[in-house]
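J.: Predicted model, plus sequence, below.
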Amino acid sequence: MTRTIDPYDELAALFLTEPDERQAPAAAPQAVCELLVVGHLPVRADLWLTPYADAVARGGGATVLLRLDAEEPALQVLQADGVSLPPEPGTLAEAIGRLAPHIRRWVVRPPLNTSPRELLQAGGDRITILTSADELARVHAFERTKAFVEAAAAAGERLPTIGLAVLGADPDTARRTCQLINHATRASLEIDVHLVVCLPRMDAQIKATQWLRFDGATSVSLASVLGWIRGASAAAPAEHAAVAEPVPGALPAVAAPAVSEPEAIAREPDVVEVLTPMAMANAKIAPNPTFEVEPKQPAAGASEPSESGRPAPLARFIEGLTPLPVRCPGHERLELAVDQAGRLHVIALEPHLRELAVVRSWARAHRELLGMACRGQLTDPAAEAVCHVVSDRPASLADLHGSDLRLHVLAPVTVEGKQGWYAAPLNTDIS
């Protein structure tokens, strides 16, 4: 016998039936993982990482900046009041597990030798290229974007959103830079890059907890680190998960609670509102703000000349060389110069001589770009670059005589009460 369902009975059941207390608990929101690619930046590239992550944190809440340096991985928490870090670092995986219930935004700077394929396989929600606004930087940002597109096509993988952070430029210049790069990417790659942050200068009002550093003897892959973040965040209780309130112009902007943050990243507009420190008037600032920079102990005898408080180009103290206004990303302490024949030269202070081979290889791989950036100066880009080592202690370079390196002494001297610099070559020229 078929029973006819009364619609009024169904309506009454909606109000009279006891709620089901066996409902599954709400899932914790998924962590947002952003991968940073350091391009051409003004001054030392690593100095911009903390200001960039702080700008992201001001727009999106508590943020962790992970620097995956092979020799010493480091972790830094920004704009996260009440988050306690362990007194002993332990392992990187343990630190991530402890922070996961409180952090939903992770900014990861991969190791410098990470390939585009490895970046894509890691599964980040966005790849952001940090760049300045000059011509060489724009070319470099386009080349990086092209490498990601080609790697994704070769592997048949999804290409994540490509973001662009323009540093050391005003908002109008940043927008113009993004438009120029987009003009090239749309024409040849059929994709857009998205302007996510503009920082005209390094903001001194950065609120960060203490650093955690880890032993780099055992290297970990980028994919493993992102796997730890995803796993620890998924296991965190939903009631303890910290969800950042959206801020206009924040990165990424979440339009509605029903949309998860990774989905919102994929639907970012072509150009979002530029973030500047002055634009975030509602950000909480510490009473005595400080700018915490990763401490680096200078090597003994690493003195060098300066002009107006900035290091003077070493090329000026080597006869026949003219300094070039470009540096290798990640190795900005090394200088590039050109001689009268248009041949490229790489110059390093003694503490950085191990980086010479890296910069020379980079210059060889990008000789066409260097030629475009230094028109009329670098007239022989196909020639092998000459490497120079400068020291104020000639004896420390004794074991390098007979090598293919050009050695120089550059030491401070005082003559008649006036301080100057004495410069001289220590070996014969290498052809």
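T.: Nice, I can see it.

J.: What helices and strands are in contact with the helix or strand encompassing L356?
T.: Taking DSSP states H and E as the criterion, L356 maps to helix 356-365. Using 3 or more CB pairs under 8 Å, 6 or more residues apart in numbering; DSSP states H and E, the elements in contact with helix 356-365 are strand 344-349, strand 386-391. Heads up, the C-betas are built off the backbone N, CA and C, glycines and all.

J.: Mind listing the strands the last one pairs with, and their directions?
T.: Within its sheet, and counting by DSSP bridges, strand 386-391 is paired with strand 344-349 (parallel), strand 406-415 (parallel).

J.: hang on, A122 packs against L35?
T.: Yes: in terms of CB atoms under 8 Å, A122 counts as a neighbour of L35; the distance is 6.7 Å.

J.: Report the mean confidence score over the helix holding L356.
T.: Computed over helix 356-365, the mean pLDDT rounds to 88.

J.: repeat for stretch 375-386
T.: pLDDT averaged over stretch 375-386 gives 78.

J.: now do the same end-to-end measure for it.
T.: 19 Å (CA to CA, to the nearest Å).

J.: And for stretch 327-344?
T.: Using CA to CA, the span of stretch 327-344 from its first residue to its last is 12 Å.

J.: buried ones in that stretch?
T.: 327-339, 343-344 (16 or more other CB atoms under 10 Å).

J.: likewise stretch 193-205?
T.: Here stretch 193-205 shows 193-200, 202-203 as buried, counting by 16+ other CB under 10 Å.

J.: could you dump those to CSV with secondary structure?
T.: Converted to CSV, those look like this (DSSP: H, G, I helix; E, B strand; the rest coil):
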residue, secondary structure
V193, coil
H194, strand
L195, strand
V196, strand
V197, strand
C198, strand
L199, strand
P200, coil
M202, coil
D203, coil
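
J.: With distance to V413 and pLDDT added, can I get those residues in a markdown table?
T.: Below are those laid out as a markdown table (distance: CB to CB, whole Å; pLDDT from 0 to 100):
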| residue | distance to V413 | pLDDT |
| --- | --- | --- |
| V193 | 50 | 92 |
| H194 | 53 | 90 |
| L195 | 49 | 92 |
| V196 | 49 | 91 |
| V197 | 46 | 90 |
| C198 | 45 | 91 |
| L199 | 40 | 88 |
| P200 | 40 | 88 |
| M202 | 34 | 75 |
| D203 | 40 | 66 |
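
J.: Strands along the stretch 51-200 of the chain, start to end?
T.: Here the stretch 51-200 of the chain has its strands, by DSSP state E, counting those that start in this stretch, at 63-67, 74-78, 105-109, 126-131, 161-167, 194-199.

J.: Mind checking the pLDDT average for the third one?
T.: pLDDT averaged over strand 105-109 equals 92, rounded to a whole number.

J.: quick one: it to strand 74-78, angle?
T.: Between strand 105-109 and strand 74-78, the angle comes out at 140 degrees (axes from the mean of the first three to the mean of the last three CA atoms, to 10 degrees).
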